[in-house]
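S.K.: Any chance you can model this:
(chains A, B and C)
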Amino acid sequence: MAAVTSAAAPTQGHGGVTNPPLGGAVAGSSTQGHGGVTNPPLGGAVAGSSAAGSSSGGPSSGGPSFSAQARALYVSSSAKAGMDGVDSEKIAEIVLQTAANSPFTAHQRKLDRAVDRRVAKLLAAKRKVSEPERAAARATVAARRADLEASRRLERVCVVVDFDQFYAAVAMRDRPELAERPLAVGGALVLTANYVARRWGVRSGQPGFVAKELCRQLTFVPAEYEKYAEVAATAMEVYREYDPAVSCGMGYDECSLDLTHYLRRRVRDATGGLTLSARRRTALCFSTSDECLVAPFDQAGIAPNFLLAKMGADVNKPDGQHTVSPTVEAVLAFLSATPTRKAPPPSAAHHEAAPRSCATARLYLGISRLHLGYISATPRGYISATSRLHLGYTSWPERGGDAGAMQKGISFSDTFGSSDEPAALRRQLWTMCEGLGASMLAAGLVGEKLTLRLKDSSFEVRSRAAPRGAAIGSAGELYARALPLLEREL
DNA sequence: GCGGATCAC
DNA sequence: TATGGTGATCCGC
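M.R.: Numbers count the residues shown, from 1 in each chain, chains lettered A, B, ... in the order given. The predicted structure is shown next:
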């Protein structure tokens, strides 16, 4: 249940089957293989793929048949940016055949069942709530809601900008010859795919081998985070003109601006309200793309607060903006039209409002935790494939003026070749301790508490903590404290 | 306080 | 041939 995605496709503006968006360079010929780019599986005319044997039309024409429920669970909706017109049935078939029986998927099913059980428990508890208790709760909510409504502010203009297909856009900027070919950033996992690749059904979060099966011509390039950071910094520099306090989101591919003051100075629409006018929007777009030249940077949500702006940025993909007008009616209409799942979890605001969270956060100040990560097994049943070092730390006082902003942990993880040899695992552990030690040195951090996480071939994760001790940071110290944890698990 | 799960990118 | 890495939080015990 946790993984269900709606199959309903919000019908997009540009209707019908379209050609790949880029000019003549997309070779129309059906020549397969190296160098030639074939057409994506548009509207039933499936090109090239070896999995073409199983038709989407008939029931069980050779391929395994999957229940509607299985489809809902393991095949993502095709209603994704840039994917209108693709043969989603075909894509679903390939994805299912390629990945549905993997150990990873089996583990996902198991997690889903656990979620179902938790939900059932909550619903059972809910049924036991008495009518008077319900009435009391409703009254509390109504009062709280009235408070909130009274304090609602609509005069701000908040913008969340999404850097469209960001990693892929950076790769295409640096290697223009890739721009018209299907491209994926990542490897074992697709982090981002360009729009050409998306027309084959390639998308972020997909395992690399599935993507390759969907699109044989797919080019993979590894992620280059330092580069993304640079480009993002350049973009932020541009946006600073509009909001000196512009902040970036969690990754490198989005940022948040408060345009209230900027617009108050420069733009005021006929109604007296503050909106991002069509002309201003173009200017914003130009001024950013002039500087960065990697993507249309105007995928954005515009709203009276950042929560709504963040949700709005997701609406008109790709390359579009969505505005939530600054009226109570518009805000409520937008919310009721948007699935709850799309709302980001409360973070900063939640901490302000929740004393318990605040107290917990303070507890970590200057105390620090130290984790050491996981070692996992390959599908062959050996003991290892992935390992991860993770640790909390103490930081120098000058590092964060704001306690709330202080980093609480640092970790190192790695996927490595399989082995069930204790000696090999110890060597792996040592390598990881070196990696983590280097990160800690670079960050100027030491830690007090260490956790070892192990993941096995069925994707089960174990996490084991070492007793708290003196602050440590060097590879040798890390290893000394981590090794006993590993030995105990062998 | 610990360990598992989840989230966001 | 076979599903990432990092930092943080929440939940249940």
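
S.K.: Is it correct that A:Ile410 falls within a helix?
M.R.: No - assessed by DSSP: H, G, I helix; E, B strand; the rest coil, A:Ile410 does not belong to a helix; its assignment is strand.

S.K.: Now do the same for it: its pLDDT.
M.R.: At A:Ile410, the pLDDT value in this model is 83.

S.K.: now do A:Ser151
M.R.: In this model, A:Ser151 is scored at 79, pLDDT.

S.K.: Per-residue pLDDT of A:Leu445, please?
M.R.: You'll see A:Leu445 listed with a pLDDT of 79.

S.K.: what's the neighbour count on it?
M.R.: 22 (other Cβ atoms under 10 Å). Just so you know, the C-beta spots here come from the backbone N, C-alpha and C atoms, and that holds for glycine as well.

S.K.: Verify the stated contact: it with A:Gly473.
M.R.: Yes - assessed by Cβ atoms under 8 Å, A:Leu445 is found in contact with A:Gly473 at 6.7 Å.

S.K.: Enumerate the residues of the stretch 51-200 of chain A near DNA strand B.
M.R.: Within the stretch 51-200 of chain A, the residues that sit near DNA strand B (Cβ under 7 Å from any atom of the strand) are A:Leu111, A:Ala114, A:Val115.

S.K.: now those as JSON lines including secondary structure and distance to DNA strand C?
M.R.: Listed next are those as JSON lines, based on DSSP: H, G, I helix; E, B strand; the rest coil; distance: Cβ to the nearest atom of the strand, whole Å:
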{"residue": "A:Leu111", "secondary structure": "helix", "distance to DNA strand C": "13"}
{"residue": "A:Ala114", "secondary structure": "helix", "distance to DNA strand C": "10"}
{"residue": "A:Val115", "secondary structure": "helix", "distance to DNA strand C": "11"}
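
S.K.: Which residue in the residues you listed has the weakest pLDDT?
M.R.: Lowest pLDDT within these is found at A:Val115 (85).

S.K.: burial measure for that one, as a count.
M.R.: As a burial measure, A:Val115 scores 12 neighbours (other Cβ under 10 Å).

S.K.: swap in the one 3 residues further on?
M.R.: In terms of burial, A:Arg118 registers 12 neighbours under the definition other Cβ under 10 Å.

S.K.: Could you check how far A:Lys408 is from A:Glu477?
M.R.: In this view, A:Lys408 and A:Glu477 are 20 Å apart by Cβ to Cβ, to the nearest Å.

S.K.: Excluding covalently adjacent residues, which one is nearest to A:Trp200?
M.R.: A:Cys215 (3.7 Å; Cβ to Cβ, 6 or more residues apart in numbering).

S.K.: Return the backbone torsion pair for that neighbour.
M.R.: Per-residue torsions, A:Cys215: phi -140, psi 100 (degrees, to the nearest 10).

S.K.: So it versus DNA strand C, what's the distance?
M.R.: Using Cβ to the nearest atom of the strand, to the nearest Å, A:Cys215 is found at 15 Å from DNA strand C.

S.K.: wouldn't that residue be in contact with A:Gln206 here?
M.R.: No - look at A:Cys215 against A:Gln206 with Cβ under 8 Å: they stay out of range, at 10.5 Å.

S.K.: So if I had to pick from the two, which one is more boxed in?
M.R.: Counted by other Cβ under 10 Å, A:Cys215 and A:Gln206 do not tie: A:Cys215 has more neighbours, with 29 against 23.

S.K.: show me the contacts for that one.
M.R.: Contacts here follow Cβ atoms under 8 Å, 6 or more residues apart in numbering; on that basis A:Cys215 touches A:Pro40, A:Pro182, A:Ala197, A:Trp200, A:Gly201, A:Val202.

S.K.: Swap in 6 Å and give it another go.
M.R.: A:Cys215 makes contacts with A:Pro182, A:Ala197, A:Trp200, A:Val202, as judged by Cβ atoms under 6 Å, 6 or more residues apart in numbering.
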